[in-house]
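# From the sequence below, what's the structure:
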Amino acid sequence: MQRLTPTEVEVFFAKVVETFSAKPFKVHSVFSGGHAQTLGAYAWPRRYRFQRFSNLDDGRLFEVEPGVQVLAHCRWQPNPTERPTIILWHGIEGSTASVYMISMADKAFRAGYNVLRVNFRNCGGTEHLTPTLYHGGLSGDLRAIINELITKDQLPRIYPVGFSLGGNVVLKLGGEYGNNPPPQLAALCAISPSVDLAASTELIQRKRNWVYHGNFVRNLKRKVRAKHKLFPNHYDLSKLPLVRTIRDFDEQFTSVAGGFVNADDYYYQCSSARVVEQIRLPTLIMHSEDDPFIPFEPLRERAFAENPYILLMQTAKGGHVAFISSKTKGEDRFWAENRAIEFCNLVEQHFVTGAEPISSEPH
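Reported below is the predicted structural model:
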């Protein structure tokens with residue numbers, strides 16, 4: 001795609017808003033609060049419906065740094081070099097098996113896209129593929145995958161879509177590209193992104209979030225123990241008793257493994273809020289004001305509000321990576337997933353001359 005001017009993007013965003021207005025988010029009456037939405041999306045009985053899809057995908061390793069690989073699960077259209085591609089990036093302690101990843105991949109494939117579900121380093125049972133830990137600033141991993149898909153696979157258009165911590169990675173890479181994204185990179189999308197890592201860490205550590213927070217801390221500590229068995233010289237298990245919070249973990253392990261001075265340095269360097277003003281690609285961000293552990297407030301900053309390349313779809317309700325809707329109009333109830341696919345479809349229709357029509361099959 002050609003580089004777009006602010007005016008061109010403004011006209012396009014007006015079309016997106018008009019299209020989305022026909023399917024506004026109306027919160028499910030049973031799951032009306034942020035916690036109910038978040039937990040309801042996790043427990044919603046759709047995992048097994050998508051299991052066959054995930055089992056059919058091809059596994060593929062990408063070397064993102066020397067000696068560091070990540071595992072992606074890929075599903076290709078019959079003519080992959082003629083079709084657009086969506087890359088999905090999950091959230092903290094998720095994986096390619098997270099239900100929102102499989103659901104989005106199913107919808108994207110049925111809409112005509114090649115789809116890659118990518119694991120963060122060490123996630124999805126891939127601890128053996130790297131001596132390093134993952135963190136929220138690994139935009140270089142996404143960049144390496146995009147580069148390989150362009151040079152090796154000759155894919156014409158690529159749409160990175162990130163959830164939560166993965167949304168931060170997608171937005172951070174967009175800002176780092178600045179005025180020079182590869183022409184194959186068509187647009188960006190982030191759902192419930194943790195754009196300010198310090199603010200997100202502070203919010204999730206509040207008492208009301210003890211269920212999520214405790215689960216994350218246990219999983220992170222378990223992962224360090226697994227890494228120690230594989231790479232005993234890299235991790236000091238004597239520090240584990242010091243870890244009671246995510247911030248403790250980032251202070252004792254994430255910052256050390258990632259080469260940061262401390263947790264504060266990690267949060268600053270890796271938060272996409274620091275670079276989003278430089279994004280020059282059509283970018284959709286969807287975030288709920290009642291997200292229980294990723295604050296909405298950082299999205300009110302000027303870097304987001306005044307960048308004409310960013311469209312922020314703000315809802316009062318919706319929880320975290322949930323957005324369970326009361327009405328569907330031919331779709332399932334997961335509003336943000338469906339709008340992400342529709343956004344990519346609209347980019348294809350609006351900007352890509354001669355592109356094959358994208359399926360209008362209900363999501």
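# how many other residues sit next to the residue nearest to residue 81 when sequence neighbours are not counted?
Residue nearest to residue 81 in three dimensions, not counting chain neighbours: residue 154, with 5.1 Å by C-beta to C-beta, 6 or more residues apart in numbering. Heads up, the C-betas are built off the backbone N, CA and C, glycines and all. Using other C-beta atoms under 10 Å, residue 154 has 10 neighbouring residues.
# cool, residue 218 as well?
11.
# and residue 120, what does it touch?
70, 89-90, 94-95, 134, 138, 141, 165-166 (C-beta atoms under 8 Å, 6 or more residues apart in numbering).
# Tabulate these in CSV, adding columns for secondary structure, distance to residue 150 and pLDDT.
CSV is the format used below for the contacts of residue 120 (DSSP: H, G, I helix; E, B strand; the rest coil; distance: C-beta to C-beta, whole Å; pLDDT from 0 to 100):
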residue, secondary structure, distance to residue 150, pLDDT
70, strand, 17, 98
89, strand, 17, 98
90, coil, 22, 97
94, coil, 26, 93
95, coil, 25, 95
134, coil, 23, 95
138, coil, 19, 98
141, helix, 15, 98
165, helix, 24, 97
166, helix, 20, 98
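# Summarise which helices and strands the helix or strand in which residue 162 is found is packed against.
Element membership for residue 162 (DSSP states H and E) is strand 158-163. Contacts defined by 3 or more C-beta pairs under 8 Å, 6 or more residues apart in numbering; DSSP states H and E place strand 158-163 against strand 85-89, helix 99-110, helix 139-151, helix 165-177, strand 188-191, helix 335-351.
# so how far is it from its chain's centroid?
6 Å (C-alpha atoms, centre = their mean, to the nearest Å).
# angle of that strand against helix 139-151?
Orientation check (axes from the mean of the first three to the mean of the last three C-alpha atoms, to 10 degrees): strand 158-163 against helix 139-151 gives 150 degrees.
# Tell me which residues of strand 158-163 come out buried.
Neighbour-count burial for strand 158-163, counted by 16 or more other C-beta atoms under 10 Å, picks out 158-163.
# from these, which single one is nearest residue 338?
Within the buried residues of strand 158-163, proximity to residue 338 (C-beta to C-beta) peaks at residue 161, which comes in at 12.3 Å.
# Tell me if I'm right that that closest one and residue 186 touch.
No: contact between residue 161 and residue 186 fails when scored by C-beta atoms under 8 Å: they sit 11.4 Å apart.
# Would you mind listing the residues touching both of these two?
Common neighbours of residue 161 and residue 186 (C-beta under 8 Å, 6+ apart) are residue 344.
# Quick check: the nearest residue to residue 188 once chain neighbours are set aside vs residue 157, distance?
Nearest non-adjacent residue to residue 188, counting by C-beta to C-beta, 6+ apart: residue 283, 4.3 Å away. As for residue 283, its distance to residue 157 is 15 Å (criterion: C-beta to C-beta, to the nearest Å).
# ok now do the residue lying closest to residue 77 once chain neighbours are set aside, which residues does it touch?
Closest residue in space to residue 77, ignoring its immediate chain neighbours: residue 83 at 4.4 Å, by C-beta to C-beta, 6+ apart. By C-beta under 8 Å, 6+ apart, the contact list for residue 83 reads 77, 112-114, 156, 356.
# top of these by neighbour count?
Tallying neighbours with other C-beta under 10 Å puts residue 113 at the head of the contacts of residue 83, with 28 neighbours.
# Tally up the residues packed near the residue lying closest to it once chain neighbours are set aside, please.
Residue nearest to residue 113 in three dimensions, not counting chain neighbours: residue 86, with 4.7 Å by C-beta to C-beta, 6+ apart. By other C-beta under 10 Å, 25 other residues sit near residue 86.
# How about residue 33?
Residue 33 has 14 neighbouring residues, counting by other C-beta under 10 Å.
# again, but for residue 1
With other C-beta under 10 Å as criterion, residue 1 counts 18.
# What pLDDT does the model give it?
On pLDDT, residue 1 comes in at 76.
# tell me the contacts of it?
By C-beta under 8 Å, 6+ apart, the neighbours of residue 1 are 157, 183-186, 351-352.
# what would the residues you listed look like in TSV with neighbour count?
Listed next are those as TSV, based on neighbours: other C-beta atoms under 10 Å:
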residue	neighbour count
157	22
183	12
184	18
185	19
186	23
351	18
352	15
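# Nearest to residue 7 among the buried residues of strand 158-163?
Nearest member of those to residue 7, counting by C-beta to C-beta, is residue 159, at 22.2 Å.
# list the contacts for the closest one?
By C-beta under 8 Å, 6+ apart, the contact list for residue 159 reads 84-87, 113, 186-189, 344, 347.
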